[in-house]
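Q: below are the sequence and a predicted model; questions follow.
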Amino acid sequence: MPIVFHIAADYGSTDQLRRTTRLVPRVGTAPARTRPGDLAVLYCTTDQKWMAIGRFVHEAVRSERDNKWWSYIQLFPVRHPLTYDNARRRPALKDWKKLSQMAGRLAAITPPDAAAHLLREVTRRDPQARTRLTAWRSPLARLPRVDDRDLHDAWFEPSPPPMRLPDEHERFLADEISETLVRRRKARPRIESDGLTIGTGATVHLMTREGASRFPDVVLVDRTRSLTLLLIEVKLHARLGDLRGLRDVVDQVLEYKQLLRERDRDWKVRPVIVAERVSENVVDRATEMGVEVWRFDRSTRRFKALAGSYG
């Protein structure tokens, strides 16, 4: 019988995980006794929710670079994540000691009855996830081919604090763009008296109707327009296609706009894509869809409108 492991990761490690049938194996740290076919449940420590099921497709390998154990895992996000508060109310999980202290990143879920119950609850409202889980459990299940050379050379580098992120990191760029717009009085942070349901913090957490999490890069109050939120999707290079299979940037910012409007109907939303480099097809499609595009020059801290108008 496969072991069911519990994996915990913060938003920095889960923000690019989208619902997809392309189960590309990912390299990640793993328990030393991991074997091909073992299952997992992924817990997002930022949201405090179990958001995906997983299957290890290679035995654990000790890296020559950092001396930790690594493996390949396929992850399948569920439509309706299971919250921590909801799980704590389940009598079937009372014997799982880790539930009272969610510290640590990797651990086998014991007893086996608790593991089976957690898998059922995480996939209960998602027929596709249940089908995927049944296929993974089948004795006839096939495992994808992977190259263990990446495991021997793997190493773990924790995400640095936001103010110390490398210059090429999009989050660093998002902070820089936000600070520049506020300093030039083009926008201001959200405050309590705005009465917004999305709150006043730097991070805005939106949920789709299917229960998937969405985190816009920057949401400020527009100073140039009344009752308008300035919604900004930040990219190092804005383009429509992505080799990793991620959504194109125009669709991404339009989805955020719709979710914001559903939350705060009295407010208008001004969607903008801001990037250091912009492909021409992005400008064409953004213009067609009513999305603004600005190029940001980090050396001068200046914006140039390629679609729409800055200001």
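A: Thanks, I have it. Numbering: from 1, shown residues only.
Q: lowest-pLDDT helix or strand in this structure?
A: Using mean pLDDT, DSSP states H and E, helix 11-14 stands out as the lowest-scoring helix or strand of the chain, at a mean of 66.
Q: name the helices or strands packed onto the helix or strand following it?
A: Using DSSP states H and E, the helix or strand that follows helix 11-14 towards the C-terminus is strand 26-29. Under the contact criterion of 3 or more Cβ pairs under 8 Å, 6 or more residues apart in numbering; DSSP states H and E, strand 26-29 touches strand 69-83. C-beta here means a position set from N, CA and C on the backbone, and glycine is covered the same way.
Q: can you spell out which helices and strands pack onto the strand it packs on?
A: The contact analysis (3+ Cβ pairs under 8 Å, 6+ apart) places strand 69-83 against strand 26-29, strand 39-44, strand 49-56, strand 61-62, helix 112-123, helix 127-137, helix 149-152.
Q: can you put the ones you listed in a markdown table and add distance to Thr200, mean neighbour count and mean pLDDT?
A: Output for the helices and strands packed on strand 69-83, formatted as a markdown table (distance: least, Cβ to Cβ, whole Å; neighbours: other Cβ atoms under 10 Å; pLDDT from 0 to 100):
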| stretch | distance to Thr200 | mean neighbour count | mean pLDDT |
| --- | --- | --- | --- |
| strand 26-29 | 34 | 18 | 87 |
| strand 39-44 | 22 | 24 | 93 |
| strand 49-56 | 22 | 24 | 94 |
| strand 61-62 | 45 | 17 | 94 |
| helix 112-123 | 32 | 19 | 95 |
| helix 127-137 | 34 | 15 | 94 |
| helix 149-152 | 42 | 14 | 88 |
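Q: quick one: contacts of the helix or strand containing Ile273?
A: Here Ile273, judged by DSSP H and E, is contained in strand 268-278. Here strand 268-278 makes contact (Cβ atoms under 8 Å, 6 or more residues apart in numbering) with 173, 177, 222, 225, 227-238, 249-250, 253-254, 256-257, 260-261, 282, 286, 290-298, 303, 306, 308.
Q: for Ala202, give me the pLDDT.
A: The score at Ala202 is 80. That number is its pLDDT.
Q: under the pLDDT cut-off, which ranges of the stretch 151-300 of the chain? List them.
A: Scanning the stretch 151-300 of the chain for pLDDT under 70 picks out 156-169, 241-247.
Q: can you pull out the helices in it?
A: Taking DSSP state H, counting those that start in this stretch as the test, the helices found in the stretch 151-300 of the chain are 170-183, 249-263, 280-289.
Q: reformat these as CSV; add mean neighbour count and distance to Leu93.
A: Below are the helices of the stretch 151-300 of the chain laid out as CSV (neighbours: other Cβ atoms under 10 Å; distance: least, Cβ to Cβ, whole Å):
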stretch, mean neighbour count, distance to Leu93
helix 170-183, 17, 34
helix 249-263, 19, 31
helix 280-289, 16, 45
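Q: would you list the ones you listed in TSV and tack on distance to Arg270?
A: Output for the helices of the stretch 151-300 of the chain, formatted as TSV (distance: least, Cβ to Cβ, whole Å):
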stretch	distance to Arg270
helix 170-183	12
helix 249-263	9
helix 280-289	13
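Q: count the neighbours of Arg188 for me.
A: 14 (other Cβ atoms under 10 Å).
Q: do the same with the one 5 residues further on
A: By the criterion of other Cβ under 10 Å, Ser193 has 7 neighbours.
Q: identify the residue spatially nearest to Arg130, adjacent ones excluded.
A: Computed as Cβ to Cβ, 6 or more residues apart in numbering, the closest residue to Arg130 that is not its neighbour in sequence is Thr123, at 4.7 Å.
Q: pretty sure the one you found sits against Ala129.
A: Yes: the criterion here is Cβ atoms under 8 Å, and Thr123 meets it with Ala129 at 4.1 Å.
Q: domain ranges for this structure?
A: Following automatic domain parsing, one gets these domains for the chain: 4-152, 162-307.
Q: the longest one spans what distance, first to last residue?
A: Across domain 4-152, the terminal residues are separated by 24 Å (Cα to Cα, to the nearest Å).
Q: let's have the chain start at 37 instead
A: Okay, using 37 as the starting number, the last item reads as domain 40-188.
Q: what about it, distance to the chain center?
A: Taking Cα atoms, centre = their mean, to the nearest Å, one finds the center of domain 40-188 at 15 Å from the center of the full chain.
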